[in-house]
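# missing the sequence, but the structure's below:
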């Protein structure tokens, strides 16, 4: 499949792609007004689950776009390692930044976590699901992800349920932690990274995770990383350890 | 030295620390009004070159603060690997974000680069030196850096001059690059990371770097990272390869 510039990559539902038409106002506006796409333009439409469709636009007006499918194939480019970032909800612009950057580097799932010290931010997160999904989708398009990262509803820290096959580490400053590197030598396909809000997890939460969960506590060295930086650094290192960022 | 919370860490000039007093309006405002520091409060003042001074505040009013030095020592916490990020100037909020995040993770020097496709941003960067320095300083205080990262004036790409002892890689999408990992197996103490603007380096610039500089071209895998994300990911991987983020 010839490479299509990331400007012309879009996630749409599988059904919508197959139907050969959309009247989604945002998409039609983006295509017609912002990118000034004309009939004949080739696009790459992604179904979010790993299949890409090369399509040729046949018609576009202010409200509708239509296309014909020229070719479809399984897309490459997804990390071997499936990472879930379960981050406490933090200040909106920082949380959104984390969603964008972590999508770019290859994180596969986001679970917004309600922690004791994120209570102040939980209110501001209400009604944000669609906005967060859009941020993830745009970052996934721009960075050539093949699969659209998943975003769950917010979950209480103590209600997090992990698949048995996943490794899980929680990021923690201070004593009792093991170097990240140690965890990364283990072999697993799915990694959860649980990270706290500004101010960190509470003592209660820390004690609960240390004794009740079986998760590994992991530090990130001597410097103090912000709440939104720590999970990005941890995910980068984990992906790098699995050979991502290595292709030319 | 007992640990002083990062809220109470500040970079000041060596002379100012030794003089035992400041009338710097920003600092006095921050201490007196924002943090409501009282006489008797212990602070950690950092000279930016690796020496930390524990001081006790003896007087603070609206315009002045005075202290006595209780103890001084060489601070730990700096990476073994000295990284210079020579990033093309990009959109202001993204460039500032890069300065903040790269300071947190442990980058030691920033060289703003004027590249062909960053011409549009160069104008907006004028007069920003102080603002950028403040962003770096605040990030360095917050993240417990011992040495204040250096910020140079903007430099034309072709005028970059590297010390002979430094390794240098430029980040590049596409063919002819080697995996980052390959470079990181070499042994060096100083690494330059040269990275382009939105839209990448021009063909001319690419050809020049490939043939005239002796720098290594390095890719970051199959996904496309934004201009501000790529150097952060590269620096994270390089620091991790040198054992940073490993301490508990």
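Structure's in. What do you need? Computed from a predicted structure; not experimentally measured. Numbers count the residues shown, from 1 in each chain, chains lettered A, B, ... in the order given.
# quick one, what contacts residue A:89?
Contact criterion CB atoms under 8 Å, 6 or more residues apart in numbering or on different chains gives A:95, A:112, A:113, A:114, A:115, A:118, A:121, A:122, A:125, A:154, A:197 as the residues in contact with residue A:89. Heads up, the C-betas are built off the backbone N, CA and C, glycines and all.
# between those, which is nearest residue B:91?
Sorting the contacts of residue A:89 by how near they are to residue B:91, with CB to CB, puts residue A:95 at the top with 20.8 Å.
# who's in contact with that closest one?
For residue A:95, the contact set (CB under 8 Å, 6+ apart) comprises A:87, A:89, A:112, A:121, A:125, A:132, A:228.
# for it, helix, strand, or coil?
Under the three-state scheme (DSSP: H, G, I helix; E, B strand; the rest coil), the conformation of residue A:95 reads as helix.
# ok so, going back, strands - which of the contacts of residue A:89 land there?
When DSSP state E defines the strands, the subset of those inside them is A:113, A:114.
# now, which of the contacts of residue A:89 sits nearest residue A:191?
Distance to residue A:191 across those (CB to CB) is lowest for residue A:113, with 15.8 Å.
# my guess is the closest one contacts residue A:160. True?
Yes - between residue A:113 and residue A:160 a contact is recorded at 6.9 Å, counting by CB atoms under 8 Å.
# more neighbours, the two?
Between residue A:113 and residue A:160, counted using other CB atoms under 10 Å in any protein chain shown, residue A:113 has the larger neighbour count: 26 against 18.
# starting at the chain centroid, how far to stretch A:197-215?
Chain-centre distance of stretch A:197-215: 24 Å, with CA atoms, centre = their mean, to the nearest Å.
# kindly report the same for stretch A:32-47.
With CA atoms, centre = their mean as the basis, the distance from the averaged C-alpha position of stretch A:32-47 to the chain average is 24 Å.
# same question for stretch A:21-29.
Computed by CA atoms, centre = their mean, the chain-centroid distance of stretch A:21-29 equals 24 Å.
# ditto for stretch A:100-107
If you compare the mean C-alpha spot of stretch A:100-107 with that of the full chain, they lie 5 Å apart, counting by CA atoms, centre = their mean.
# show residues contacting that stretch.
Outside stretch A:100-107, the residues that touch it by CB under 8 Å, 6+ apart are A:78-79, A:81, A:83-85, A:110, A:135-136, A:138-140, A:142-143, A:145, A:149, A:231-232, A:235-236, A:239, A:244, B:223, B:225-226, B:229, B:233.
# now for the closest residue to residue A:241 other than its chain neighbours, how many residues are close by?
In space, and not counting its chain neighbours, residue A:241 is closest to residue A:184: 4.2 Å by CB to CB, 6 or more residues apart in numbering or on different chains. Other residues within reach of residue A:184, judged by other CB under 10 Å, total 22.
# can you tell me which residues contact residue A:184?
Residues touching residue A:184, when contacts are defined by CB under 8 Å, 6+ apart, comprise A:237, A:238, A:241.
# now those: which count as buried?
Listed as buried from these are A:237, A:238, A:241; burial here means 16 or more other CB atoms under 10 Å in any protein chain shown.
# quick one on the thing from earlier: pick the one among the contacts of residue A:184 closest to residue A:47.
For those, with residue A:47 as the reference and CB to CB as the criterion, the closest is residue A:238, at 26.7 Å.
# just to revisit the earlier point, okay, and which of the contacts of stretch A:100-107 map to strands?
Checking these against DSSP E, those in strands are A:83, A:84, A:85, A:110.
# how close does the first one sit to residue A:168?
Right, the one you point to is residue A:83. Counting by CB to CB, to the nearest Å, the gap between residue A:83 and residue A:168 amounts to 11 Å.
# so which of the two has more stuff around it?
Between residue A:83 and residue A:168, residue A:83 has the larger neighbour count (other CB under 10 Å), namely 25 against 21.
# still on that earlier bit, how close does the residue nearest to residue A:241 get to residue B:164?
Residue A:184 sits 34 Å away from residue B:164 when distances are taken as CB to CB.
# where do the helices of chain A begin and end?
For chain A, the helices defined by DSSP state H occupy A:14-19, A:25-29, A:92-105, A:119-125, A:129-142, A:180-184, A:203-212, A:229-241.
# excluding residues flanking it in the chain, which one is nearest residue A:125?
Once its chain neighbours are removed from consideration, residue A:125 has its nearest residue in residue A:89; the separation is 4.9 Å (CB to CB, 6+ apart).
# list phi and psi for the one you found.
Here is the backbone geometry of residue A:89 (degrees, to the nearest 10): phi -70, psi 130.
# so residue A:84 bridges to which residues?
Beta bridges link residue A:84 to residue A:109, residue A:192, judged by DSSP bridges.
# would you confirm that it contacts residue A:191?
Yes - with contact defined as CB under 8 Å, residue A:84 counts as touching residue A:191 (7.3 Å).
# joint contacts of those two?
Among the neighbours of residue A:84, those also in contact with residue A:191 (CB under 8 Å, 6+ apart) are residue A:166.
# neighbours of residue A:97, how many?
18.
# isn't it right up against residue A:229?
No - between residue A:97 and residue A:229 no contact is recorded; they are 9.4 Å apart, counting by CB under 8 Å.
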